[in-house]
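> here is the input, now give the coordinates:
(one chain, ligands or ions: 2)
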Amino acid sequence: MSAPTLIDGKKTAESVLAECEAEIADLKSKGVTPGLAVVLVGADPASTFYVRSKSKMCEKLGIHSVKLELPAETTQDELLKVIDDLNNDPAVHGILVQSPPPAHIDEAAIIAEIDPAKDVDGFHPVNVAKLALEDASGFVPCTPAGCQRLLTEYGIETEGANVVVLGRSMIVGKPMALLMMAKGKGANSTVTVAHSRTKDLEAVTREADILIAAIGKPEFVKAGGVKDGAVVIDVGINRVDDASQKKGYRIVGDVAFDEVAPKCKAITPVPGGVGPMTIAMLMANTVKACKQITGN
Ligand SMILES: NC(=O)C1=CN([C@@H]2O[C@H](COP(=O)(O)OP(=O)(O)OC[C@H]3O[C@@H](n4cnc5c(N)ncnc54)[C@H](OP(=O)(O)O)[C@@H]3O)[C@@H](O)[C@H]2O)C=CC1
Ligand SMILES: Nc1nc(=O)c2c([nH]1)NC[C@@H]1CN(c3ccc(C(=O)N[C@@H](CCC(=O)O)C(=O)O)cc3)C=[N+]21
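Residues are numbered from 1 along each chain as shown. Ligands and ions are numbered 1, 2, ... in the order given. Below you'll find the predicted structure:
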C-alpha cells in the first residue's frame, strides 16, 4: 500500500480559526465582542493545561476570556451560583465547565444549569436533543464536530460508509455517532457504536471504512482491528511514562499508530490531530453563540 495521508489537525484548525477571525472582525465592527467563560474546579494538571490553552486561544483571536480556576473544595451550590452569574453576564456568550469535575460535584446538575444558548460544549439536554433532532440551531460537541470537519476537509467519502465509533461517552462517542448517522453532507454513514461490552471487538472495528477511536486506552487499537485502506481518526489523549522526555511522559492516542498507519488510507496523528480541532470548534461555537444571542 502507498503511504497513508497524514490528516493534519493543526492545519485544519488554522482554517477554522481563520473563519472565526473574519466573523469576530465583523462582530467587532458592529460593537460586539464574543466572550467565553471557562470554569475549572480543582487543579488536575491535564485539565489545567487544556483550560489555559482555551483561554490563550481566546486572547489570540480577540475573544473576551473569563478563566475561573476554582478550588477543589468548591461546593455544588457555589458552582451553581458561578454558573448563574455567567448566565446573567451579557459579556459572556459561551460557558464551559471542564470535565470531569471532582467527585462531590453532580456534573449533570451543573450542565443542566448552563443556559442552553451559552452551552458551547453542547452537553446540555436541550443541545443533545437538538443534535438528535438534526436541528442546526443547537451546539454540537466540539470534539465530534472537529472529527467531522477533518473528514470533510480531506474529502473522505462518508455517504454510505461503514463508520465504527469506538466509545459511547456523552462527550465524544455518542454525539459522534449521532453526527455521522445524520442526513446530509459529511454524514449519511452506516454507524456502529462499539464499547467495553462489545463482543469480538476486532471483528467489529475491522468492518470500518472510517474508524473513530475514543476510549482512553493507550495504543489499544492494533493492526488486526483495522481494515486495509481504512480512515482512522484517533481521539485518544493518553499520557504514558517516558523517561526520555523532559516532562517524564509523552502523549499517545488510542491507536497503535506505527503498526496501524501502514494499513490506512488516512490517519490522524496524536498529538496534532483531533486535539487542536477541539479547541478550534470551541471558538467557532462561541462565535455562533454570540451571533445568536446578539441577533447578528
Ligand atoms: N482530542 C480531544 O480533543 C479529546 C480527547 N479525549 C480523549 O478521548 C478518549 C476518550 O474520552 P471520553 O470519551 O471522555 O472517555 P470515557 O472514559 O468517558 O469513555 C470511554 C468509552 O470507551 C469505552 N471503552 C473503555 N475501554 C474499552 C475497551 N477496552 N474496549 C472497548 N471500549 C472501551 C467505554 O465503554 P463503556 O461505556 O462500556 O464503559 C466508554 O464508552 C480519552 O483518551 C480522552 O482523553 C476526550 C475529549 C476530547
Ligand atoms: N467541558 C469539557 N469540554 C471539553 O472539550 C473537554 C473537557 N471538558 N475535558 C477534557 C477533554 C479533553 N479536551 C482536549 C482539548 C484539547 C486538546 C489538545 O489541544 N490537544 C493537543 C495537545 C496535546 C498535549 O500536548 O497534551 C493535541 O492533541 O495536539 C486535547 C484534549 C477537551 N475536553
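> which bits of the stretch 101-250 of the chain sit near ligand 2?
D121, C142, I237 (CB under 6 Å from any ligand atom). Quick note: C-beta positions are derived from backbone N, CA and C, even for glycine.
> mind listing what the second one touches?
Spelled out, it's C142. Shown in contact with C142 (CB atoms under 8 Å, 6 or more residues apart in numbering): V120, D121, G122, M277, T278, I279, M281, L282, N285.
> can you select the buried ones from these in PyMOL?
Here is the PyMOL command that selects the buried residues among these (16 or more other CB atoms under 10 Å):
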select buried, resi 120+121+122+277+278+279+281+282+285
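> which one of the contacts of C142 is nearest ligand 1?
Distance to ligand 1 across the contacts of C142 (CB to the nearest ligand atom) is lowest for T278, with 3.3 Å.
> what about A109, neighbour count?
For A109, the tally of surrounding residues (other CB atoms under 10 Å) stands at 12.
> ok, now which ones touch it?
A109 neighbours (CB under 8 Å, 6+ apart): Q76, L80.
> chain center to the helix or strand encompassing it: distance?
Using DSSP states H and E, A109 sits in helix 107-113. Distance of helix 107-113 from its chain centroid, counting by CA atoms, centre = their mean, to the nearest Å, is 19 Å.
> near ligand 1, anything from it?
No: applying CB under 6 Å from any ligand atom, one finds helix 107-113 out of contact with ligand 1, separated by at least 11.3 Å.
> and the residue in the stretch 1-150 of the chain positioned nearest to ligand 1, how many neighbours does it have?
As assessed by CB to the nearest ligand atom, ligand 1 sits closest to T143 within the stretch 1-150 of the chain, at 4.2 Å. With neighbours defined by other CB under 10 Å, the count for T143 comes to 26.
> and it, that one's in a helix?
Yes: remark: T143 belongs to a helix, assigned using DSSP: H, G, I helix; E, B strand; the rest coil.
> that one reaches V274, doesn't it?
Yes: using CB atoms under 8 Å, T143 is in contact with V274, at 6.4 Å.
> overlap in contacts, these two.
V235.
> from the contacts of C142, which ones fall inside helices?
M277, T278, I279, M281, L282, N285 (DSSP state H).
> helix or strand for the residue nearest to L131 when sequence neighbours are not counted, which one?
Counting by CB to CB, 6 or more residues apart in numbering, L131 lies nearest to L178, which is 5.2 Å off, once chain neighbours are set aside. Secondary structure assignment for L178, by DSSP H and E: helix 173-181.
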